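[1] here you go, sequence then predicted model.
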Amino acid sequence: MPQPLLYTFRRCPYAMRARWAIHVAGVAVDQTEVSLRAKPPAMLAASPKATVPVLVLPDGAVIDQSLDIMLWALQQNDPQGWLSPQSGSLADMLAFIAACEREFKPHLDRYKYPSRYTSEWAPGQSEAAFSDQHLACAIAFLQRLAARLAGPGAQAYLFGAPPALADFALVPFVRQLVRHDRPRAVAVVPPAVIAWTDPLLARPDFDAIMRKAPGAG
C-alpha cells in the first residue's frame, strides 16, 4: 500500500514543525524535498496554495496546513503527549499558536525581509528603520512567551514541565528570528525565551528532521 507523501522544504519553519510531529509520531511517510524555484507540478495540482508543507494521503486527500499535519500525525500516535499538556488544554495551545500567527510571524517576515515590503514603508523610512520597527513588534510577542516561561508559577515550557504541541509548533519561528542575527537577538530577546529555545533545538528528534537528504542541496 502506498504511503502518504509529504512535500517539504528543509529550512521552512512550517515544514519543520510538520516533519517534527510526523517523526515523533513514528508515522511512515515518503518525503519530497521541493525546490522553491521549480515546484513539482504534482504538488501544485494537489494544493493551489503552492507552499510547503503539503501532505497527500494514499486516498488522494490533501492536508496542506502545517498545524493540521501535526494534528493528523499526533492523533494517530502521540508517544510524548504533545496533545495533552500538563497545564491547560489542547484548545488553549491552539489559541496560543494562532496568536503567534497573527502577532509574531508577520513581524518576523518584515524584520528579516524588509525589501519585500517596500509598499508598506512610511514616507522617507529607511529599510533598516522598517526592519527595526517590526523587530520591536516581534519582541513584544516574545514578551508574552517570556511571561509564561518566567512569570509566577512558570515551568520549563509553555504549558507545563514537559514540552507539548505549542512549544514544537512555535519554536521553529523563534529560531528564525534568533538565527537571523544571533548577537542582536541575544541582546533583545527575553532571556527566558532563549533559555526555552536552545534546548528544544538541541533535541535529537529536531536534529533528525533537519538532516539533509542524500543528494539534497
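    Received it, and whenever you're ready, just let me know what you need.
[2] show me the domain layout of the protein.
    What automatic domain parsing lists as the domains of the chain is 5-79, 90-201.
[3] which of those domains sits closest to R211?
    Closest of those to R211 is domain 5-79, at 8.5 Å (criterion: C-beta to C-beta). Glycine gets a C-beta too; all of them are placed from N, C-alpha and C.
[4] list the contacts of the residue lying closest to E127 once chain neighbours are set aside.
    Among residues not flanking E127 along the chain, P114 sits closest, at 4.8 Å (C-beta to C-beta, 6 or more residues apart in numbering). Contact partners of P114, counting by C-beta atoms under 8 Å, 6 or more residues apart in numbering, are 121, 127-128, 130-131, 134.
[5] okay, P114: pLDDT?
    Looking at P114, its pLDDT stands at 98.
[6] show me what counts as buried in the lengthiest helix in the chain.
    Scanning the chain for the longest helix, with DSSP state H as the assignment, gives helix 127-150. By neighbour count on 16 or more other C-beta atoms under 10 Å, the buried set for helix 127-150 is 130-131, 133-135, 138-139, 141-142, 144-146, 148-149.
[7] so which of the residues you listed is the closest to R17?
    Nearest to R17 out of the buried residues of helix 127-150 is L145 (C-beta to C-beta; 15.8 Å).
[8] the nearest residue to the closest one once chain neighbours are set aside: neighbouring residues, count only.
    Nearest residue to L145, sequence neighbours excluded (C-beta to C-beta, 6+ apart): V193, at 5.3 Å. Residue neighbour count, defined by other C-beta atoms under 10 Å, stands at 24 for V193.
[9] could I get the contacting residues of I194?
    Shown in contact with I194 (C-beta under 8 Å, 6+ apart): 178, 185-186.
[10] nearest to F168 among those residues?
    V178 (16.1 Å).
[11] how near is the closest one to V27?
    Distance of V178 to V27, given as C-beta to C-beta, to the nearest Å: 29 Å.
[12] out of those two, which sits in the more crowded spot?
    Counted by other C-beta under 10 Å, V178 and V27 do not tie: V178 has more neighbours, with 20 against 17.
[13] how about that one, nearest residue that isn't a chain neighbour?
    Per C-beta to C-beta, 6+ apart, closest to V178 is A185, 4.4 Å.
[14] hmm, L201 and V171 touching each other?
    Yes. Judged on C-beta atoms under 8 Å, V171 makes contact with L201 at a distance of 6.6 Å.
[15] ranges for the helices of the chain?
    For the chain, the helices defined by DSSP H cover 13-25, 41-46, 66-76, 90-103, 105-112, 127-150, 165-180, 182-188, 191-201, 204-210.
[16] any buried residues in the third one, and which?
    Spelled out, that is helix 66-76. Residues of helix 66-76 classed as buried: 66-67, 69-74 (neighbour count, 16+ other C-beta under 10 Å).
[17] can you list contacts of that helix?
    6, 14-15, 17-18, 20-22, 24-25, 27, 53, 55, 63, 82-83, 94, 97, 165, 168-169.
[18] compute the inter-axis angle for it and helix 13-25.
    Here helix 66-76 points in a direction 0 degrees away from that of helix 13-25 (axes from the mean of the first three to the mean of the last three C-alpha atoms, to 10 degrees).
[19] got the angle between helix 66-76 and helix 90-103?
    Going by the same axes, to 10 degrees, helix 66-76 makes 160 degrees with helix 90-103.
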